[in-house]
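>>> fold the stuff below for me.
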Amino acid sequence: MSLETRTARLTILIDPRKKAVFERLCAEEDATPSQVVRRLIRAYIEEKQGQPWRPEAEPRAGTFHRTPQGRRTSKQR
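As a prediction, the model looks like this:
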């Protein structure tokens, strides 16, 4: 797995008890919470897109849209 070349901050609100448990579980697997969240987001993207994540293959915003069946198609302008 390659490192991302850019980063962006994602701020979320979470129940303090869930945060404490999440941080403990991350520590048990010797991972930071950020690493685990990035892994979860990647898995979610791959599940929804039905293909492995490849940042260089992502279209620019507005280039594609999804049909109701989940297929990506070019927008007609």
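>>> does residue 22 belong to a helix, a strand or coil?
helix (DSSP: H, G, I helix; E, B strand; the rest coil).
>>> quick one: contacts for it?
Neighbouring residues of residue 22 by C-beta atoms under 8 Å, 6 or more residues apart in numbering: 14, 33, 36. (Glycine included, C-beta is placed from N, CA and C.)
>>> need the contact list for the second one.
In this case it means residue 33. Counted by C-beta under 8 Å, 6+ apart, residue 33 has contacts 22, 23, 26.
>>> cool, and the first one?
Taking C-beta under 8 Å, 6+ apart as the definition of contact, the neighbours of residue 14 are residue 22.
>>> which residue ranges of the protein form strands?
64-66, 72-74 (DSSP state E).
>>> rewinding a little: with the contacts of residue 33 in mind, which one is nearest to residue 48?
Nearest to residue 48 among the contacts of residue 33 is residue 22, at 22.3 Å by C-beta to C-beta.
>>> quick one: that closest one from residue 55, how far?
26 Å (C-beta to C-beta, to the nearest Å).
>>> what of residue 27?
28 Å.
>>> try residue 39
Counting by C-beta to C-beta, the gap from residue 39 to residue 55 is 15 Å.
>>> what's the longest helix in the chain?
Looking across the chain with DSSP state H, the single longest helix is helix 33-49.
>>> now that helix: buried residues?
residue 38 (16 or more other C-beta atoms under 10 Å).
>>> repeat that for stretch 11-29.
Quick answer for stretch 11-29 (16+ other C-beta under 10 Å): residue 26.
>>> export that stretch as CSV, just CAs?
Extracted C-alpha coordinates of stretch 11-29, given in CSV (Å, rounded to 0.1, in the frame of the first residue of the first chain):
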residue,chain,number,x,y,z
THR,A,11,-13.2,16.4,11.9
ILE,A,12,-15.9,14.2,13.3
LEU,A,13,-17.9,14.3,16.5
ILE,A,14,-18.1,11.0,18.4
ASP,A,15,-19.4,9.9,21.8
PRO,A,16,-16.5,10.1,24.3
ARG,A,17,-17.0,6.5,25.4
LYS,A,18,-16.8,5.2,21.9
LYS,A,19,-13.7,7.3,21.3
ALA,A,20,-12.0,5.8,24.4
VAL,A,21,-12.9,2.2,23.3
PHE,A,22,-11.8,2.9,19.7
GLU,A,23,-8.4,4.4,20.9
ARG,A,24,-7.9,1.4,23.2
LEU,A,25,-8.6,-1.1,20.4
CYS,A,26,-6.3,0.8,18.0
ALA,A,27,-3.5,0.7,20.6
GLU,A,28,-4.0,-3.1,21.0
GLU,A,29,-3.3,-3.6,17.3
